[in-house]
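Q: Predicted structure and sequence below. I'll ask about it afterward.
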Amino acid sequence: MTVHVLGGGAVKGLVTGLQDVFASANAATIEGAFSAVGTIRERFEAGEPCDVLILTDPLIDELASSGRLLAGSARPIGVVHAAVAVPTGQPHPDIATPDALRASLLRASALYVPDTLRSTAGRHVLATLRALGIAENLAPRLREFANGETAMRALATDGLADCVGCTQNTEILSTEGLDLVGVLPAAYGLATTYTAAVSASAADPTLALTAAV
């Protein structure tokens, strides 16, 4: 049997890393699809096959209240942080303080980010640029992708000098060819709890709950 998982891009590494263990323990496989949380929510609500849904905690609460998720099945699985990345071998910019972050972003040749409307990290990056007063300065250098995984892969392979990326730290750590510079300074930090829950239409709710835990 196959357990279908829909999840935000930040949890892809965790889910794929558990596939073999889950398969050997349950004689079942996990098939996952991951993207920006807004995109995944749209796919779930459109009726894409899903046994386990993994999104940010507020979105899971909202969908649970609508009856689309199995009551009592929600389980927090971890916290991720918005962070900065550079291609491996490139100097690490100073992001320790808001002023340092602002100066480093202004010096960047390009800023790689996930969807600034549908992704948690992308929305936060755009809000941070606005709060720092540099959104207009960075607009011509903003390179926006459908999700954090795609953005970070492009950051690693495009070969631009002095470029930086910003998304969830898990998406940075799971991308070959990138260095994690660090999380955003506290004033502009973002810690996001991701939660798994069983879909009300799960083919085998008991098995799906095992995968969610």
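A: That came in fine, so what should we check first?
Q: Averaged pLDDT, stretch 187-202. What do you get?
A: On average, the pLDDT along stretch 187-202 is 95.
Q: Residue 104 touches residue 92, doesn't it?
A: No: here residue 104 does not reach residue 92: they are 9.2 Å apart, not a contact under Cβ atoms under 8 Å. Yep, even glycine has a C-beta here, placed from its N, CA and C like the rest.
Q: Comparing the two, which residue is more hemmed in?
A: With neighbours defined as other Cβ atoms under 10 Å, residue 104 and residue 92 compare such that residue 104 has more, 19 against 14.
Q: got any ranges where the protein has weak pLDDT?
A: Within the chain, the stretches with pLDDT under 70 are 19-23, 211-213.
Q: Can you give me the domain boundaries for it?
A: 2-78+193-212, 80-191 (automatic domain parsing).
Q: List the residues that contact residue 112.
A: The contact partners of residue 112, taken as Cβ atoms under 8 Å, 6 or more residues apart in numbering, are 143, 145, 151, 152, 154, 155, 163, 164, 165, 166.
Q: again, only using 10 Å
A: 85-87, 125, 141-145, 148, 150-156, 158, 160, 163-167, 178 (Cβ atoms under 10 Å, 6 or more residues apart in numbering).
Q: Going through the residues you listed, which ones are buried?
A: 85-87, 125, 141, 144-145, 148, 150-156, 160, 163-167, 178 (16 or more other Cβ atoms under 10 Å).
Q: And the residue of the chain positioned farthest from its centre, how far from residue 87?
A: Each residue of the chain has a distance to the centre, and by Cα atoms, centre = their mean the biggest one is for residue 27: 28.6 Å. Distance, residue 27 to residue 87, by Cβ to Cβ, to the nearest Å: 41 Å.
Q: Please identify the helix or strand for the nearest residue to residue 174 once chain neighbours are set aside.
A: Once flanking residues are discounted, residue 174 sits nearest to residue 13: 3.9 Å by Cβ to Cβ, 6 or more residues apart in numbering. In this structure, residue 13 sits in helix 12-26 according to DSSP states H and E.
Q: Ok, residue 100 next?
A: Judged by DSSP H and E, residue 100 forms part of helix 98-107.
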